[in-house]
Every structure is written in structure tokens, then in C-alpha cells.
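J.: could you work out the structure for the sequence below:
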Amino acid sequence: MRFWILLLLLGWRMRWLAKHNDAFKEKLANKDTVLQLRTASGKVARYYLIKDEQVAPHGGVHAKPTICLSFRDAKYAYETIMKAGKDQMVFMKGMGTKDIVVTGDPAEMMWFMSLMTFLPPKKKKK
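T.: Numbering: from 1, shown residues only. Got it, this is the predicted structure:
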């Protein structure tokens, strides 16, 4: 359940950033891609259509995503994504152990990793 909620929030966050953060908008420039995150079983899956500097989140499995990250299970996916904001190497470690299977364009994977720094909410300065 936590992974499902995280995917929902991830979509909302990316959509908000696409409207309000100029640096994030620059990352979306000239992109026409479908990013999918899912469990290996496909029980929990969500994809994000990225086009015209906008992000449109959708539930379920996309037939032909540009890039797909398949996690061994929902618990592992949640823990990995939560750590990724601070340590992007967790994805590389997961791919090395085959706990994360990436299909699609490898360049898109690197592009997605560049978005990870934008995703955690920024703390307000006092």
C-alpha cells in the first residue's frame, strides 16, 4: 500500500514541479517519454506521460513504456525510492542484484535519475 501511495504522490509532485519549478521544466524540455514504475508482478504499477513540459500520471501498466523500472516487490520499491533522494546509488545496487530490472532506453534511466534531486520537498528556511 505504501508503494502505491508513493507512486500517486510522485505523480502529483512531478506535475506540480512541471508547473512551478523552472529548473524542473528545463529537464522536461523536448521530452516525449513514458516512465513506468511497477512491481515485478505488475500488481502495483503507475506510469507517467511526459510531453510538452508536462507530466500526466496514470494508474496501471502501460503497453509500451519508454523506460520501465520493475522492482522485486512493493516493500523493496518503497524503501529504495525513499533512499534515492539522498543516495542515487541505491538504484544501481538494486540493478546489480536484479532486484530492479530496467527495460527500455538506458539514456532515459539516467535522465530520470537527474530528476530525483527535485522530488523531495524542500525544507523551509527559518
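
J.: can you give me the strands for this structure?
T.: For the chain, the strands defined by DSSP state E occupy 32-39, 45-51, 54-59, 67-71, 100-104.

J.: parallel or antiparallel, list what pairs with the last one.
T.: Okay, so that is strand 100-104. Paired neighbours of strand 100-104 in the sheet (DSSP bridges): strand 67-71 (antiparallel).

J.: and what of the longest one?
T.: Applying DSSP bridges to the sheet, strand 32-39 is found paired with strand 45-51 (antiparallel), strand 67-71 (parallel).

J.: turn those strands into JSON lines, columns for mean pLDDT.
T.: Formatted as JSON lines, the strands paired with strand 32-39 follow (pLDDT from 0 to 100):
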{"stretch": "strand 45-51", "mean pLDDT": "94"}
{"stretch": "strand 67-71", "mean pLDDT": "93"}
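
J.: how about the ones you listed, which one is nearest P120?
T.: strand 45-51 (17.1 Å; Cβ to Cβ). To be clear about C-beta, it is placed using only N, CA and C from the backbone, and glycine gets the same treatment.

J.: all good on my end, thank you.
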